[in-house]
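In: no sequence for this one, just the structure:
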């Protein structure tokens, strides 16, 4: 299984049976599946989404958005619970406006699910933990 390091973006080959054993990046040494959402930029978005063999869930959000703030702890909680099955990432649409435009983000929060680098599904609006998990389970 290819898993991308959130810090240095190195692609690490991790056997499926070792995903739950806190694998570390072979290049920079940090845990690559620490359970926290990864902040993506225009530069890191493509490599992170395209090279991860685990599906990647991206939360497009903004700091001024009330529902985004409300959903952030839920997103982080589910990211920690599902860290060996999915990668979780966030894109600040205020900073990364080009990415938001590229993916046609019309309302926030918007969650996009990528498989093998291609968008597989999306949902707009804040979700509670149960609905977020249900949506992810249907597609992962």
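Out: That came in fine, so what should we check first? In this text the structure is predicted, and so the values were computed from the model without any measurement. Numbering: from 1, shown residues only.
In: in the chain, which spans are helices?
Out: For the chain, the helices defined by DSSP state H occupy 42-51, 66-81, 97-102, 129-139.
In: chain center to the second one, what's the gap?
Out: How far helix 66-81 lies from its chain's middle: 12 Å, per CA atoms, centre = their mean, to the nearest Å.
In: now do it, average pLDDT.
Out: Mean per-residue pLDDT for helix 66-81: 97.
In: how far off helix 129-139 does that helix point, in degrees?
Out: If you take axes from the mean of the first three to the mean of the last three CA atoms, to 10 degrees, helix 66-81 sits at 60 degrees to helix 129-139.
In: thinking again about what came up before, of all the helices of the chain, which one comes closest to residue 6?
Out: Of all the helices of the chain, helix 42-51 sits nearest to residue 6, with 7.5 Å by CB to CB. Every C-beta, even on glycine, is put in place using the N, C-alpha and C of the backbone.
In: any chance of the helices of the chain in JSON lines with distance to residue 91 and mean neighbour count as columns?
Out: Converted to JSON lines, the helices of the chain look like this (distance: least, CB to CB, whole Å; neighbours: other CB atoms under 10 Å):
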{"stretch": "helix 42-51", "distance to residue 91": "7", "mean neighbour count": "16"}
{"stretch": "helix 66-81", "distance to residue 91": "11", "mean neighbour count": "16"}
{"stretch": "helix 97-102", "distance to residue 91": "6", "mean neighbour count": "14"}
{"stretch": "helix 129-139", "distance to residue 91": "17", "mean neighbour count": "14"}
